[in-house]
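Take a look and give me a structure for this.
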Amino acid sequence: MPVRYLPLRRVTLALLPLYPVLAIGGAVTHRPALALAALLLLVTLWMLPRLLAGAARAWLGWGAAILVMLGMASIGLAGGLLDAVPLIILAGLALWFGSTLRAGREPRVARFIRVLEGEAQLAQPGVARYARGVTLFWTVLLALQALVLAGLLAHELLLVGPLPSWALIYQHVGGYLLIPLAFGMEYAFRRWYLRHVHQTGLRAQALQMMQRWPQLLHDTDRHP
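Numbers count the residues shown, from 1 in each chain. Presented below is the predicted three-dimensional model:
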């Protein structure tokens, strides 16, 4: 990635932790202003590269998003919109992994291994089969988590009853904490299960994923 993008990445990583703070604060205190601030922060960080590049469509989209959020807040739905964010993200990730399990597709984790560690690593005994299994694991885990959050959101919207504080914290933070926790557990299992294969360290893998994320997103399937 070009050097000029590094400061932008650091700004994004520095500001992103504010999102759960504002989200939980808005949910616990029932203050729509905090919920709106959390949503605005998330949308702004997502669109920041295109906004700074001066893209007209990005600025129009950003302005439209603000109008939608203000409209939702005016009818008392700012909290529900905020609660739907982690649900949408997790459901999207589940679909992102699961869509590559169809016949004729390269499993998502297999693509990660090929891009980050090379074709030779993927060709090691048991690696390709394990990659398909881990892709299925992430698909199921993320889909189940999305269903849990959907149930919490339905309880809040349909039953018109406030959730307890622990459920609010899980609703806004649990979905995000689950991912690094599961990643760490899967990494530990992988070190044991594929102990016959040379593997890079966890920190090195995380850095590789951050540096080569655009290629991981846009690289095409490859088959023998």
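
Just give the nearest non-adjacent residue to residue 199, would you?
Nearest non-adjacent residue to residue 199, counting by Cβ to Cβ, 6 or more residues apart in numbering: residue 191, 6.3 Å away. In this view, the C-beta of every residue, glycine as well, is placed from N, C-alpha and C.

Would you agree the one you found is in contact with residue 198?
No: using Cβ atoms under 8 Å, residue 191 is not in contact with residue 198; the gap is 11.0 Å.

the more surrounded of these two?
For residue 191 and residue 198, the more surrounded residue by other Cβ atoms under 10 Å is residue 191, and the numbers stand at 13 against 9.

okay, the residue most central in space within the chain: pLDDT?
Computing the C-alpha centroid of the chain and ranking residues by Cα atoms, centre = their mean puts residue 89 first, at 5.6 Å. Listed pLDDT for residue 89 reads 79.

mind checking pLDDT for the residue nearest to residue 199?
For residue 191, the predicted pLDDT is 89.

same check, this time on residue 175
For residue 175, the model assigns a pLDDT of 69.

now residue 46
76.

Secondary structure element for it, which one?
According to DSSP states H and E, residue 46 maps onto helix 32-52.

so the residue lying farthest from the centre of the chain, which of the three states?
Here the chain reaches farthest from its C-alpha mean at residue 196, the gap being 31.0 Å by Cα atoms, centre = their mean. Of the three states, residue 196 takes coil under DSSP: H, G, I helix; E, B strand; the rest coil.

ok, it to residue 125 distance?
Separation of residue 196 from residue 125 (Cβ to Cβ, to the nearest Å): 7 Å.

measure the residue nearest to residue 199 to residue 141 for me?
From residue 191 to residue 141 the distance is 19 Å (Cβ to Cβ).

Return the set of buried residues in the helix holding residue 46.
For helix 32-52, a neighbour-count test (16 or more other Cβ atoms under 10 Å) marks 32, 34-43, 45, 47-48 as buried.

Now do the following helix or strand past that helix: which elements does it pack against?
Following helix 32-52 in sequence order, the next helix or strand is helix 56-74 (DSSP H and E). Helices and strands touching helix 56-74, by 3 or more Cβ pairs under 8 Å, 6 or more residues apart in numbering; DSSP states H and E, are helix 32-52, helix 78-98.

what angle sits between helix 56-74 and helix 78-98?
Relative orientation of helix 56-74 and helix 78-98, computed by axes from the mean of the first three to the mean of the last three Cα atoms, to 10 degrees: 130 degrees.

Would you mind putting the CA coordinates of helix 56-74 into CSV?
Presented in CSV, the C-alpha positions along helix 56-74 are these (Å, rounded to 0.1, in the frame of the first residue of the first chain):
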residue,chain,number,x,y,z
ALA,A,56,-18.6,13.9,-5.6
ARG,A,57,-20.6,10.7,-5.2
ALA,A,58,-19.0,10.0,-1.9
TRP,A,59,-19.9,13.5,-0.6
LEU,A,60,-23.5,13.1,-1.9
GLY,A,61,-23.7,9.6,-0.3
TRP,A,62,-22.4,11.0,3.0
GLY,A,63,-24.9,13.8,2.9
ALA,A,64,-27.7,11.5,2.1
ALA,A,65,-26.7,9.1,4.9
ILE,A,66,-26.9,12.0,7.4
LEU,A,67,-30.4,13.0,6.2
VAL,A,68,-31.5,9.4,6.5
MET,A,69,-30.1,9.1,10.1
LEU,A,70,-31.7,12.4,11.1
GLY,A,71,-35.0,11.2,9.6
MET,A,72,-34.8,8.0,11.5
ALA,A,73,-34.0,9.9,14.7
SER,A,74,-37.0,12.2,14.2
